[in-house]
Structures are given as structure tokens and as C-alpha cells.
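**Student:** okay, predicted coordinates and the sequence, questions at the end:
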Amino acid sequence: MDPTMSHGGHETGPTFAALWSPGFLLLLIVVGVLYTLAVGRWRKDFADSEPVELKQKMWFWSGLALWYAAEGSPLSYYGHHYYFSVHMFQQSILYLVMPPCLLLGLPGWLLRPALKGQMTKRIVRFLTNPLLSLFVFNFIFSM
């Protein structure tokens, strides 16, 4: 049965949760709070850490806001159910705008521990090959 139809057969529209995705919002808030603690209060626990400027923090939080706008707002619902152009706008945000914002917000000292191992370095070097990246991006975007 179609969830937008009531018992009388009249269309009721999408639910609040379908339009605004409160669970996803909560997840992104938790990620944002953990990031803020990691670059603030917990910074001393990271080797070679340096203070993070407000501008850099705002890049990260902007990336989270864009992620929510693309995946947790009515933009996502209407893009998936009604309008292909809205869906493509959503995908453009997710592929082209949001990732650079998140990366600009992450300080190098926070990323270094995740990229330390030799195997990780090989995988990253392979995946960041410009030619491979071009084909993989276009393949994913086309799908």
C-alpha cells in the first residue's frame, strides 16, 4: 500500500520523517560535536596537533549542513520521487560541493593517523591516480 494514501484513498503526502530525516540530522550533529571536541578539547591527545581556526571549523560544519540539505531535507525526497533535475542537483552537491568543504575543515594532524600504514598509503596512492579518479568519478556519477 502506498504510504502517502490514507484509509479513505485520499493522498496525504509524505511524512515529516520522510521529508526531514531527523535520524540523519542527529547522526550529523553527533559527527559535528565529535569533530568539534577532537579539534578543541581533545586536541592535546593527537600528536603534532595545532590549533584549528574558526574558518576551518566553519568549512567542516558547512560540509555537514550541505550533506544534510542534500540527503536529509525535502530536496532528497522530491529528487528521488518526482523531479530528475532536483535529483541531479542533489547529486552535484554530494559529489562536487560537500566533499571539498569537509576536507577543507579537516586539519592534517587529524587525518594523519588514519593514513599512516603502508597498505593505506598504497591504496590511497592508487585511488588518487588522476586517470583512475577521472574514470571512477564519471562511472559513479553516471550510475
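**Tutor:** That came through, no problem. Quick caveat: nothing in here was measured; it's all calculated off a predicted structure.
**Student:** correct me, but Val39 touches Lys57?
**Tutor:** Yes. Using Cβ atoms under 8 Å, Val39 makes contact with Lys57 at a distance of 6.6 Å. In this view, the C-beta of every residue, glycine as well, is placed from N, C-alpha and C.
**Student:** helices or strands up against the helix or strand hosting Val33?
**Tutor:** Element membership for Val33 (DSSP states H and E) is helix 22-39. With contacts taken as 3 or more Cβ pairs under 8 Å, 6 or more residues apart in numbering; DSSP states H and E, helix 22-39 sits against helix 54-71.
**Student:** more neighbours: which of Val39 and Lys57?
**Tutor:** Neighbours were counted for Val39 and for Lys57 using other Cβ atoms under 10 Å; Val39 has more, 23 against 17.
**Student:** run through the residues that contact the more buried one.
**Tutor:** Going by Cβ atoms under 8 Å, 6 or more residues apart in numbering, Val39 touches 52, 57, 107, 110.
**Student:** ok, Val97 - how many residues close by?
**Tutor:** 15.
**Student:** kindly apply the preceding question to Met98 instead.
**Tutor:** Neighbours around Met98, by other Cβ under 10 Å: 21.
**Student:** can you check the one 4 residues further on too?
**Tutor:** Residue crowding around Leu102 was assessed by other Cβ under 10 Å; the count is 18.
**Student:** how far away is it from Met58?
**Tutor:** 12 Å (Cβ to Cβ, to the nearest Å).
**Student:** which secondary structure element is home to the closest residue to Pro107 other than its chain neighbours?
**Tutor:** Among residues not flanking Pro107 along the chain, Val52 sits closest, at 5.3 Å (Cβ to Cβ, 6 or more residues apart in numbering). Following DSSP H and E, there is no helix or strand that holds Val52.
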